[in-house]
Every structure is written in C-alpha cells, then in structure tokens.
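Q: can't give you the sequence, but here's the structure:
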C-alpha cells in the first residue's frame, strides 16, 4: 500500500492564504472569501487538486499533519470542491474522528441521543462510502448503544477487521475513497455531460464540524434572499432545529426559518441570529457581487457559516438579479449582460411548465419552438380552427406540417409532429409564430383514419384528449400541466436596452403577418428583414382566387384572377407598414411552387373542381402536371417571376399602392422588395425592369412620388459565386442560409430528420447544419458572396434572413463578415440582441 | 438616284488576281481556283463585298466598265458569292443583255426556239427579281414571238416604262436589286439562323453565259464522283440535254449522265467530254483537296465549267471522304480529323431515317437520344417487355420514365415521353442504352386508362399502332419509315485511331450492364468510369429481395436479405470484369433513395404485401414513411451507406469476391469503388473503414491478395469546397456534374423542363446548363474542387462522369483543368475521342 511517500501538500484557509478555484476548487475559494469577510466559518484545511489526484493513484496523505491544524479530538467533515459547482463530486462525509472516546465526550457535551445518532450515522456513512458495504445492512438499527454496538459488529463481520478507531486512519481512508470516486467512469460521464473537461480535477475541503444537535438552540439551515423563480427580494430557505444534514433529533420541535403563522420560527426565537444572517446575505451580495444562498449551523446558540453558493435561479430571476446588481452599482452593465446566457432568455418569452409540476411523458422529440401549452388533441388544421372557434385550446398533432397547415398552426396552442427536424416546416413556422412545438417525435404513431395517437409505451390517445407540449424540452406530457406566464418585465427590457447600446450589427425580424410584425415591434426589432408574402394566400377567401390564378389558361385570365388578389395584398401591406411605423419592411416576392396551393386529397380536388366549375378530370390532370419531383429545386421563386411575370407585377403594384396610401397620410415608408431563388444575373434584370415599370405606372397614376429598394435573396450556391454581377442590380443581398445549406449539402431539411441523429452521433456533422451554420462549407460561400457583392458595389447592404440569424455563433460570423443586419424570428430577436452584446464585449475584452 | 459617284471597284478573275473568300465570297474564290487549274471557265468579273454594300446604299456601279471586260454583246449571268455557301443569297440572274437585237442574233446562232425561251425567261426573271412584279402575271405566255411581245407589253403597262434594252442599264439594275435583297430582314434572319454573323457581306460574280440550248450537243449538268450517302467512289449526277437552269428545249431527247440501261447517256454520246469531266473531278480532288461537285454546260459540243462546290454528303460519307483523302496523302491526318464535326458522328452510331423517306410527323419534342426506330406503341414497361418477348419491336410511350422503367427502356426500340428535357431520366438512360428517344413532346396527350395517344392535330393512336421515333431530329412519325443501318465502318475506326494518337485526356464510358460494357469496349473506351449499381436491383428476381431488404425490421433481417443479393451482385461484377479484360472499372456504390424500389400504385403495393406476406396497411405505411419531399436531397448515396452500412458492406464483398474469381483465373483487375453524394470528410472515413474491413475479411477467407482503389463522387457544392480534406481519404475524385449543376443552381433536372425553354429564350441561361456546363458557376466549383484536392494529394486522379463529359466545350474545360479522364455514355465515346483530337489540334494550331 505504502508505495509512495506521505504527502502533505494542503493549505489552512486564512484571509491571506493563496486559494484559487482552479487549483483548490470553487468550495475552497468560496470558503476563503467568507473567511476574508470575517464570517463565523469553522476552521478549514483545503487539499488542492494535485494532491487529490496523487491520493487517487496511491499516495497517502499525511493525515496527522492535517489533524494537527485542528484542536485535538475535533470532529471533521470532508467535502468535495471541484472547479465548478455543477460538476458534482463524491458525497460529503461528516463527523470523521468519531469513535468510542468521542462518543463519550459527545454524550457529555450534546446529550446521549445526539451522540448516538452522530456515531451510528458515521459508522453507516463510513461503511457505505469508504468500505463500500451495502447501505441496507444497517437499516434496522436504532440510534442507541445497542444499535451502535450491533453496527460495529456487522462492520467487523463483513470487513474482517474492527471499525477503525484512529481519526488519522479514518481521515486517510475517507480522503482516499473520495479521491478515487472522482475518477470512476460514471462520475466522469456525469460531469462531462455538464460540460466538465476531461482533465477536470477535484479539490477536497476538511472542515471542523459544528453540530446542529445538542444543548440550547441548535440546528442547521439554508437561507436565500431572493425568490428563485421571480428574482424579487424575499427571504426564503429552511431550518431544521436539532438537525444535521437530513437527520433530526427525535421529538425536537419544528422551527420555521422566517415568521410563519403555522408555528414558531428562527426569526422569532433568535432575532439576533436571524438579523446576523440577513447581514451576511447583504455583505455577500456586495462583496461577492452575487446573490448567495448561505448554509449555516447553529450549535448551542452560536452561528456558524458552513458555505455560501450562488443562489439557484430561474432564467427570469437571473435577469432580475443581474439588472438589480448593476443598478445598485455592484457590477457593471456589461457584466450584467455577460451573466445572462442568451439561450436562457428564450424561455422568458413563452409560457413555461412549472418545473415543480409532475411530468408524465408520452412522447419525446426535438425541442423545436420553446414554451409550453396545453390543449385538446386535433389531427387536422381544420379541426384546430374549429376547436379555437369553440374557445378550446388545442394541440395540432400531424405527421408533419405543410404550408396548408399555417392557419391550423396559428390556431393551435402547440404543435406535435412525428417527423421533421429543427428546420422543418413545423419548427420554423412554430418559432415564427411563437407556438410551442415538438417535432420528430418518432416514437409516436398517428392513425389518421381512427384519429388516434399511439405511444411507444402502448398508451393510446384520441382526438379531444388533453395533452401538454413542452417545446423547450422536446416532450409531450399527458394531461394539463401547470404553466408559468411569460416574463417580459422591466428588468428584461432594461437589460436589452443596455445590450442595444453596444450593438454593431442591426437586428430585424422575419414577420409575415400583422401579428408577427407586432411581436417584432414589441421585441424592438429594427424592421422586418423578411416578409414572406406567400402565407398571405393561404387564407380561405384568397386561396380560391389563388387557385383560379393557377388554373388560368392565359396571361389574361391569370391577370384577371390576380386583379382580385391585388386589393387584398395592398391591404396586407398597408397594415404591415402601419405597424412598423416607418421602420424598413423587406418584402420577398412570391416564392413557393404553385402546387403547394392545390389540395392534396381527392376530396379537396373535387371541391376545387366545383369551385372552379371545371371537370374533376381536368383539375386532377392540371394538378398532376404541376406536381414536381423535387419541389425545392423546381419552378418556384424568381423562376415563377420570369415565366409568369403577372404575379410579381401584381405584388409590386400592391406594395407601391400601399406605399402611396401611407405617404398620403403624411407618413413615410421606403419598401424593400426582394427577389427569391436567384441563380443568374439576368433573372434580376428581367424582374427589375418589370418592377421599375410598375413603379412608374403607380407614380403616374397616383401622382405620388416614392422610393423603394430592390434586392436579391442569395440562397443558391451559384448566387454566392456570381454575387459580383448580381450586386450590379441589387441594392441589398439577403442571404437565405436555410436553402443555401440545403443546396450546399444537397440535403433537404424536410427529409434530413431521418438520418440527422445518426449523422451527429457518428460525428459526420458536428452539429445539425440547419441549426448551426456550417462555417467550413456554407460559410465559405457566404464570405465569397459578401466579398464579391461588396467589391462590385461597396454600398450594397448585406444581410441574413435564414434560421441561423438567431444563433449566437452564427451571429458572430455575420458580424465579422461585415453584414449590416440579421433578421430572425420575432421571438428570437431578444436573444439576438443579447447575443450581439455578448460578442461585442467578448471582442473588446470588456468586463 | 445618282447621289453618289459611279464606282468601278471590281476584278476580272485571272490566275494571278487577288481573290479572297473573305472579300469576294466563296464563289469568286472557287472560280479563281478553277481558272488557275486552267479549266474551261467562262470569263468572270467579281464585285467585292464592299462594292456590293455601297451599291445597296445607293451608289451606282460603272456597268459600262464591267461590260468592257467582255466581248461586246455577250450575255451575262450574275450570281451571289457570300463568304460561306450555306448563307444563301439572292437568286442568280441569267442572260443579262437580252434585248431585241440579241434575240435576233440568238435566233441565228442557237435557233428560234432557244432564243424565244431565253428571252421570255429573262423578261420574267427581270420583272420578278428586279422590277419586283408579280411572278404569276407571265404564267400563261408561251415561248414564242407573240409571247415575248405580250410580256414586254405587260411589263410596260405595269411599270409605266418600256422594258430596258440597254445591257448596261440591265446590269446596273440587277446588281442594285441583288445588293439590296441581301440586306432584307428575311434574308438576314435566314442566314443568321445558319450561323452567319450580323456583318456578313455578299460578293457578286458576273460571268459570261454559255448556253445549254442550241445547235449540236448542248445541255447543262452536275457531276459528282462520290456516293453522297456512303462516300464510296461512284460517278453520279444529272444531265439536261438542250437545257439551261431548269428549262429544257421542247421535244429534246432525254440523255442520262452515265451509261444507263434506260437510254443513251452523255458517257455514250460524248466519251471525250465525259472523260474530261472525270479528269476535272480528279484534278479538283487533288488541287482543291476535297471531293467536289462540278456544274458544267456544254454548248455545241464545247464543255464549260461554271462552278464547283464541295459535294454535299451524309455524315458517313464525310468520314469516308476525309479518311480517303488523308490515306491518299492529299490532306494530313489532322486535317481529316478537323474536317469531321464531332457532333455529326453521333448519327453514325445509330440507325438513321432515310432522308429521302416521306415524313408524317405526329409529335415533336426534344431530340434526346439520336437514331431512329420503328415499333408498336406500348404504354408501360411491362408491355414493352411482353412485346419484345413476342419478337415485336415496340416504342415505349410514357408521360415520363422512372427507374422502374429501365427494363422497359432496355426492351423498347425507341422511347417517346410527354415530359422531360435533355437530362431527364428518359434522355440520360436513352443515350446510355443507345435507344433513340424523343422527350418533352408536350403536344401529345397520353390517356393511360384508354391506352391512347392523342396528337395536337386531333389524330389518335392506340396501343399496337406502328410509329417511328426519330431521336436525331426530335420527332415521332406515323407508321414505319425506312431506316439506314449504323455505320461502324473501317473509315470510322481509322479516323478515331488517328484521334487517339493525339489524346491528352483519358476517355472512359459510363456502363451499368454487360451490354453497356460491351458497347464501351466496341467504341474503344479506356475503361468504365461510372458503373451505377442500383440498376442491377431492378431485375424482377432481385427486386423482390431488394424490397424484402427495405422492409427488414432489423440489421439482422436486412443482412439476411442482402446475403441473397450478394451472389447475384458478385456474378454481375464477374461478368463486367470479364468483358473489360483488365481495363479499370469504377463502381459507384448504391445511390438512389430506397423508395424508388417500391411500387407506386395501389395494385403494386398489394402485390408487394402478398410477396412479403405482410398486411397491406403495414406495407403502405412503410412505403409512405419512406416517401420524401425532395428525393434528390434526401436519404440516398453515402447517407444510406452511413445509416444502413449493411448495403455497402454487401456490395464491397461482392466486388472483392468477384475480384478474387478473376484473379484465380490468372487474370487481373483492380476494382475502383466510388462513394456517392459525399458532403463531409467523415462520411468517407466511416465508409472507408467498413470497406477496408470487408476487403481484409475477403483476403483472409479467400487467401487471395488483391488491390482496389476507393474514391469519392464529388457532386455537392460542399464536396467541392472541402475537396482538400476529402482527398485525404480518396485516391480519386470523380465529379458528378449533373447533381452538382442541380445543387449549384437549386434546379432539379426533372422539373426544369417546365421553364427551361423560357429561360433560354429570355437569355437567363445562355444554354441549358444540364447540356452545356455552366463555366461561371459550376465551373468555378469544379476548379476549386480539383485544385484543392490536388493540393492536398498531388497524385489524386481527377475525373468527370456527368452528362457533360460528352460535350465538346466541356471536354476542353476538363482538359485545361488538368483532369485525368472523362467518362460518358458509351455511345458518346467516339464523339469524345474525336472532340479531344480537335481540341488538341486547335491548341497547337496544327493543320
């Protein structure tokens, strides 16, 4: 055993000791701070990570040297001290040094009951954690002399040696055991799952025990000064009179921490101690620049502080605490910003499940759109709308969603799909609408005919059954689960206003509807960066006219149908311009293939034939003729604009006439028009000359002057390569990273779900490239496009309107590539605002 | 009228005159050559293009000065002389100088009948081409004195002036009229359609008339020394005794050109003249280095040569003539190569329609795969196979074809589809199989239920009706039309052997089947550059097992199904290796999405359910679950290889075991294995490690050593961008330009047909990028991929196996980018071999 020399590298904590979290761990560091603040901290000795690692490989610590730092016969605790509190560690061991002699002493000082409890507890803990015996074997023993004696015998029987009496031996074994536990595979995996590096090390802390049991006022507790859910000032916590760890002396009176109608409290019976605790909290807040939670023990009326950690908090409380600390001048605005992880705030924009509520999970998939919602199961968009019109919130459950489902998704409180990934239709639209959404729940089976939903565990649900979707966690739960409301409070707005002062890239929102636009305004977006106009044609009254347009046999018939859509579109744009009050609105011309507007089912086709007064066979044949093998790569975007120019002409006219309406009211707007799916310069030239002509006509017919900008959506690899010549005709280039990623990889986001998990698990893709921008491939094309565009036209506005705009790593990429603005889902705008501030701070090494 | 000075810039042709085709036109140049060869050419004066252009804008030519070059009172002809004979030009005018006096002279020298015909003809021609009168007005007039007098009166009545008597005036007006006709819009469009540049100019040739009518042996004729269809030596042509142009003296005897059983011939009655003509042909062949067709006139037993042009010829004759000239040392091998346009030889590899056969066109579309075939209409692949098994050639008529139709296409003599473009499935497979194919015949309507085919003109055809597909011209014809067999003759092989001596890039063939491989060998391909293995699974016996594999519920079941496919695949490869006799064979691992192997129809699904002994509902549900939104961008290629590695493992085992079979026979083969649809390095690593493991197992189990190469198919933009890291694991990079073009443009080749015409017409794309490589966009990615791959791995083999490999401009691109070889359809190999020689010659300015 004694292969190596005894080591004695440890430090007794004092105000002047040199303790770093990196070497001794967070707990040692924290204890030293408390000592420096002159708080009543029991004596501590700390073993640095190096020492612990040596112990784990077989060195022995000089336990006697450690013990010599404490009053002889003092009982000790050993607690883990990793560099980060989240990385866990082996269980603490209390009351090291207990033996027959110590038991005798404790009987005198703390009473026989306390002494028995403490001794029996120690034997059990030692047997379990150090000797690794079965914890159940001591279960039936009572804390009495007989029980202790039985425990010692059981130990001897099992271990073939008597229970160690020597405190130095006990301490040596405890330290060895805890050092080795840290190196176990399970412990390693657990902490790595929380982000610990492979070489993460453990420090250990040896501290003098104070006993929460015995004569006079004794007990242990935790006190917090903040409501951990909302973040407001409020004293909370708990107190266990005559207790230590989770054990309490039998027949001891209950004592609440704070004044309580149910009975006496620590605040009542020991107002001085309670006041002292409040002082400690206030001192910690200023000195440690953080809201702390204090662990304390009272032994015979004397307060000791064992530990203090950052108070656990909800995202919402986190924002409030950081803002409050900054407003009190304790931390800087920048530090308040840095303390809030951008991803955490997306939780704040939606209803959340109460974390304390029980969860009966029925399906799990991808957390595609955050927030939670409860409602009745419906299996179709029509049912979703019907349900909402009855005033019943519903959850739309689909194999996957298609553009036809937009209105259903609008109506639904939440969405659950069997297929799809983070950038599937349901996910993108869900985030855009702020509708909680779980996609790719591949463990459910939907039976549309029977209107049932079968789960992997065999349970079946029917239409009308109530479920809850947790889009933040990617789970569907049985029944109604308690929700917490969103938290758009003052602290949140204050924090973001600080963020905006630092911003070096603009942030707009993708918004298709007045509701989206209003959300964008609420979240302080600097304009609309992408308004998809096709969604406007899925409303019932418009869809019929749209289909007439599609089935028109001549440009003339097509124009007639479009003429009926014109006033509707114009009204859409007037409404959008109104809401955005002069902020820029970038409108993308019609993009999807026409067949998306046709019914898929035979029944739908029959209805359409009736509506159009045409034979079903003709309607069916036309619908078939419009079908495409790869709609993503088919007749859509600018290709429609070139082949059927009447559509874009109508849209341009609607945009310009809406502009005239706004100008006539004395307000001002400069619409931005964007051409989708461009791959060649000439496409832009053709569309531009048509749109310029429409503008001239509207100027002449209205007598009103107006400006507009025409730009290009760069979403094919070729448009990136040819961005130089394309920029000749485009005042802005808006990069659509969704489609660009699809084409660069040759990967359909709607079909990728089937293998994306395998691909990420096998390390083919480090991350899903639809969630995390592929810097190596797509990124190079973006750089090329930006550089080439700007070289030819130095004032060209560069922007990004794909899903990646809401992602923090991607935002950094776009800042550094010199983009003018990003445009993301309205609900991602706050996250982006905060993320930009983080990046600026990180670049400047501000603090 | 006389705005400008008289001009007199013309040249009298003599052996020493300075006549260039560029300034005086091809006819003047040709006549000068004939003069230099001392042939009996009537006196000629030529007006250069500059002069003609000045005449067109109003200058007058000094006609008297021209006339002074000829014997007084000589009749003259004026003929057009553009730089290229294909550019057409105004009609020739004969017998200028005819008037009452000349008529009188002709009556004496040539007889009254001839004189009358000549005078009346001249009046008519002048009235029509110079005075622009209605040609019908002289229709009823007979060649007599009364007729002439009536014609002169009609002219005077219409023109308010008498018919011009002065030869100088006549010549002036003829020259002016012809000059202006050249500038007319119709003439301009017609010649531009034949490739004439906008500034193409016209020379004019004024020549002394010799008369084919009159006393003694007289007449006009054309003589050729080559069979214009096959190219063999053979005297052909025609002779019109007592005739001129298309007019013949009444009651003159018929006289054949060559000896003829039907009656007397020129060869019989004037053997000296005939021999002289043969001498002239032989002289022309040597001096003009070309097979010429000689236009001659005999006047009273005296031979004159009016003109000689390159003899018109079929593609087949063209090859034979060029090779024969080179073999006789008249031209160099290189010149023989240059004279044969590569595109023209694809005609030679297929049956052709007899150009003289009548054409009753029922449908027209895109000429997708050359050659012609006749057969009975069938509307399904099953019917096609049934038809062939009955020994009846058939034409497969489909809306479009899918991989399921491969066997039907194999069976069909020709294919006609309603949809699709040059790179649609039907077109690509048609070219690969050498099956004549017309696609995108959008003016037909197929009714599958009724089994009828309706044409735009209202005609309807039923299954079993006989039609002919002309894949070289893009037409379908009613009934059986006479065909000419393909012409893989010695001349053709000789020419290509000369081409191969110059080649600086390898040429392989894409070949999936033993038949393809045999064709590739026949056409001297240097190996197989792309063997698509998926086609192997569409055979009936395999398809069922394939479907079992797809429906397998576990890797174990999947492997069991694959184990049954293994021996079949192995046999496929043994056969391929056998045929290729040690030439390299590059095998692409399984590529298409699995759902392509499932039946599309409900009936098919029911059959499948029976075959698999599973409930229809399960089969239907699984089939639906496998369906994809964008199959092109879905779960296919290496993605299948990563997610279901058993498939590639089986294929690798089959390849290696086939290699062992060949090695054991004492022959040798180094198979090349290609991974499709790669977009990330890690995909290659994963597949490579599996395949290497399979190779080791086969080596161990067989005890036979073998080598193989593993490479990557670069067909996503990302693979081009990341070619550097991909090349670390790839011994070759084969660029798939079809998919790369699709992804770079975001354009599905199956769906692009709908707007490709509009796009090319509007100049959005200069050409269909699936036919002509997009140098600017796709080309840049190819350069990047090649450069980055080679930088990391200098010995990496670069190749191209997309459709563009068969295109001459693209081949030049790949040569210059340093590619090692190209691989194209077997039927394109000869074209590519010739094209490479052309490019090498053009680079070296050889001649």
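A: Structure received. Small disclaimer: the values here were computed from a predicted structure and weren't measured.

Q: in the stretch 201-350 of chain A, which segments are predicted with low confidence?
A: A:347 (pLDDT under 70).

Q: average pLDDT across stretch A:460-475?
A: Across stretch A:460-475, the average pLDDT comes to 92.

Q: List the buried residues in that stretch.
A: For stretch A:460-475, the neighbour count (16 or more other Cβ atoms under 10 Å in any protein chain shown) marks A:461, A:463, A:466-475 as buried. C-beta coordinates here come from the backbone N, C-alpha and C atoms, glycine included.

Q: Distance to chain B added to the residues you listed, as CSV?
A: Converted to CSV, those look like this (distance: Cβ to the nearest Cβ, whole Å):
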residue, distance to chain B
A:461, 19
A:463, 19
A:466, 27
A:467, 23
A:468, 27
A:469, 23
A:470, 25
A:471, 23
A:472, 27
A:473, 26
A:474, 21
A:475, 22
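
Q: Mark which of those residues are part of strands, please.
A: If you go by DSSP state E, those have A:461, A:466-470, A:475 in strands.

Q: nearest to residue A:151, of those?
A: residue A:475 (44.1 Å; Cβ to Cβ).

Q: Touching, residue A:257 and residue A:234? I think so.
A: No - here residue A:257 does not reach residue A:234: they are 11.9 Å apart, not a contact under Cβ atoms under 8 Å.

Q: which of these two has more neighbours?
A: Under the neighbour definition other Cβ atoms under 10 Å in any protein chain shown, residue A:257 and residue A:234 were set side by side, and residue A:257 has more, 21 against 13.

Q: which pair in the buried residues of stretch A:460-475 spans the largest distance?
A: Maximum pairwise distance among the buried residues of stretch A:460-475 (Cβ to Cβ): 25.5 Å, between A:463 and A:472.

Q: is it fair to say residue A:192 lies in a strand?
A: No - secondary structure of residue A:192 (DSSP: H, G, I helix; E, B strand; the rest coil): helix, not part of a strand.

Q: what's the distance between it and chain B?
A: 21 Å (Cβ to the nearest Cβ, to the nearest Å).

Q: got it, and residue A:633?
A: Residue A:633 is 4 Å from chain B, by Cβ to the nearest Cβ.

Q: swap in residue A:394?
A: 25 Å.

Q: Same question for residue A:13.
A: In terms of Cβ to the nearest Cβ, residue A:13 sits 49 Å off from chain B.

Q: and that residue, how many residues sit next to it?
A: So residue A:13, with other Cβ under 10 Å, has 25 neighbours.

Q: and if you look at residue A:577?
A: 25.

Q: Which strand or helix spans it?
A: Here residue A:577 sits within helix A:555-580, counting by DSSP states H and E.

Q: Averaged pLDDT, that helix. What do you get?
A: For helix A:555-580, the mean per-residue pLDDT is 93.

Q: centre of the chain versus the helix or strand that that helix is followed by, how much separation?
A: For helix A:555-580, the succeeding helix or strand toward the C-terminus, using DSSP H and E, is strand A:585-588. Its chain's C-alpha centre and that of strand A:585-588 lie 29 Å apart, by Cα atoms, centre = their mean, to the nearest Å.

Q: Looking at the stretch 1-150 of chain A, which residue is nearest chain B?
A: When scored by Cβ to the nearest Cβ, the stretch 1-150 of chain A has residue A:87 as its residue closest to chain B, at 29.6 Å.

Q: In the stretch 451-600 of chain A, what residue lies closest to chain B?
A: As assessed by Cβ to the nearest Cβ, chain B sits closest to residue A:593 within the stretch 451-600 of chain A, at 8.6 Å.
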